[in-house]
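**Q** structure here, sequence nowhere to be found:
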């Protein structure tokens, strides 16, 4: 249980860092360019790799679930006073499929972060500087692009409600104990312990990035 809470706490910390970096960086670009449209396009270009992976996650998951997809768009636009860096047109589907498609960037993002962090920790002494910089930049892009948009969040809430309902039904017939034993089994606990260590890598990358953008922000005040 402790390792699960720590895992969730680290993800929440990564989310907060991501929002702060977004806010500081967009503010810097607006001050430097003195042009809102140019600042938005510069911001979107900088985060283009992460945006591409985010939207590709939606796209591939929809294809896997046999949900029709349409336009794949990486052009930034402003909606409800918020900047949307990309989008994929996806047909309406059932609650479950829509929810899975909605949260897919987060799921893929966590898996990629853990995998790349594990590779970095294991082989960092064999990597050249250019490869190391590329890996760290990739981690930065994924860590700051994997979180859910407003529309994705609505799908995630539906999935949580669905899972909660299923668990409640299982508890009525006495199957909730078996679910608890599965979730908190030895293998899952070991996986969470390892994941908690690996998540320190993207958190460290974002802390370093936040220090840099905060320094730059102070220079352009």
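**A** Looks like it arrived, so ask away. Note that the coordinates shown come from a computational prediction; the quantities given were computed from them, not determined experimentally.
**Q** find the centremost residue of the protein, please.
**A** A centroid search over the chain (Cα atoms, centre = their mean) returns residue 146, at 1.9 Å, as the residue closest to the centre.
**Q** correct me, but it touches residue 105?
**A** Yes: the pair residue 146 / residue 105 is scored as a contact, 5.2 Å apart, by Cβ atoms under 8 Å. Glycine gets a C-beta too; all of them are placed from N, C-alpha and C.
**Q** what's the overlap in contacts for the two?
**A** 53-54 (Cβ atoms under 8 Å, 6 or more residues apart in numbering).
**Q** on that earlier part again, quick one: secondary structure of the residue nearest to the centre of the chain?
**A** Under the three-state scheme (DSSP: H, G, I helix; E, B strand; the rest coil), residue 146 adopts coil.
**Q** which residue packs closest to it, ignoring adjacent ones?
**A** Excluding its sequence neighbours, the residue lying closest to residue 146 (Cβ to Cβ, 6 or more residues apart in numbering) is residue 109, at 2.5 Å.
**Q** same question, residue 76
**A** Nearest to residue 76 is residue 44, by Cβ to Cβ, 6+ apart, at 3.9 Å.
**Q** got a list of what that neighbour touches?
**A** Going by Cβ under 8 Å, 6+ apart, the list of residues near residue 44 reads 51, 74-76, 83, 85-86.
**Q** from the residues you listed, which has minimum pLDDT?
**A** Lowest pLDDT of these: residue 83, 80.
**Q** quick check: it is in a strand.
**A** Yes: with three-state DSSP as the criterion, residue 83 is part of a strand.
**Q** was I right to think it contacts residue 76?
**A** Yes: the criterion here is Cβ under 8 Å, and residue 83 meets it with residue 76 at 5.8 Å.
**Q** any common contacting residues for those two?
**A** In contact with both residue 83 and residue 76: 40, 43-44, using Cβ under 8 Å, 6+ apart.
**Q** element containing residue 122?
**A** helix 95-123 (DSSP states H and E).
**Q** for that helix, name the packing helices and strands.
**A** If you count contacts as 3 or more Cβ pairs under 8 Å, 6 or more residues apart in numbering; DSSP states H and E, helix 95-123 packs onto helix 48-64, helix 129-143, helix 150-172, helix 186-198, helix 200-219.
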